[in-house]
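Asks: kindly return the folded structure for what I paste below:
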Amino acid sequence: MLFNIAILLGTLVAMEGVGTLAHKYIMHGWGWWLHRSHHEPHLGMLETNDVYLLALALVATGLVALGKAGHAPLQWVGAGVAGYGVAYVLAHDGVFHRHWPNAPRPVNRYLKRLYQAHRLHHAMPGRKSGVSFGFFYAPPLRVLKRQLKARRRAARRAG
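Replies: Presented below is the predicted three-dimensional model:
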């Protein structure tokens, strides 16, 4: 059982790296056509960006099914992927974007830093202007502000 818990926790941690890379290079790269909805005003709770969460759920479900079919460790990997998805929905959609009625506000230093980093991520329009692509890790705010300032200067120079 300890091995299974280690796989679950290891997957949760690894998913932050996978999520950061996917956010930066897929969502803000060739998959921008889906992710753009997340950076523009919209009505309601659903947006085309939610296709990424659906894909994550399908991966998690597939891994759990493979685990149940005889590759036991994969069900714990799938549980870790699913857990990351649930944590993402609670933190990102609920706390950071306040998509829920009476959504809680970040209260501790960690959540406040993530919230501020996410606000900086959305501070400039466009797919190439974002900073801080992680969901549960953010570089120090002074670093992000410096990066954002440099991107703003570059955007002014470009036109």
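Asks: chain center to stretch 126-140, what's the gap?
Replies: Centroid separation for stretch 126-140 versus its chain: 9 Å, with C-alpha atoms, centre = their mean, to the nearest Å.
Asks: would you mind listing the residues in contact with the residue sitting nearest the centre point of the chain?
Replies: Centroid-nearest residue in the chain: Phe135, 4.1 Å away (criterion: C-alpha atoms, centre = their mean). Residues in contact with Phe135, defined by C-beta atoms under 8 Å, 6 or more residues apart in numbering, are Glu16, Gly19, Thr20, His23, Tyr88, Ala91, His92, Leu114. Yep, even glycine has a C-beta here, placed from its N, CA and C like the rest.
Asks: the same query, at a cut-off of 10 Å, please.
Replies: 15-16, 19-20, 23, 84, 87-88, 91-92, 96, 114, 117-118 (C-beta atoms under 10 Å, 6 or more residues apart in numbering).
Asks: nearest to Arg146, of those?
Replies: Ala117 (12.9 Å; C-beta to C-beta).
Asks: what about Ala91, neighbour count?
Replies: By other C-beta atoms under 10 Å, 18 other residues sit near Ala91.
Asks: distance of it from Pro73?
Replies: 27 Å (C-beta to C-beta, to the nearest Å).
Asks: now do Leu90
Replies: 26 Å.
Asks: got it, and Arg157?
Replies: From Arg157 to Pro73 the distance is 51 Å (C-beta to C-beta).
Asks: in helices only, show me the contacts of Phe135.
Replies: Judged by DSSP state H, the subset of the contacts of Phe135 located in helices is Met15, Glu16, Gly19, Thr20, Tyr84, Ala87, Tyr88, Leu114, Ala117, His118.
Asks: now these: which count as buried?
Replies: The neighbour-count criterion (16 or more other C-beta atoms under 10 Å) marks Met15, Glu16, Gly19, Thr20, Tyr84, Tyr88, Leu114, Ala117, His118 among the ones in helices among the contacts of Phe135 as buried.
Asks: what sits closest to the third one if chain neighbours are left out?
Replies: Read it as Gly19. Using C-beta to C-beta, 6 or more residues apart in numbering and skipping the chain neighbours, the partner closest in space to Gly19 is Phe135 (5.3 Å).
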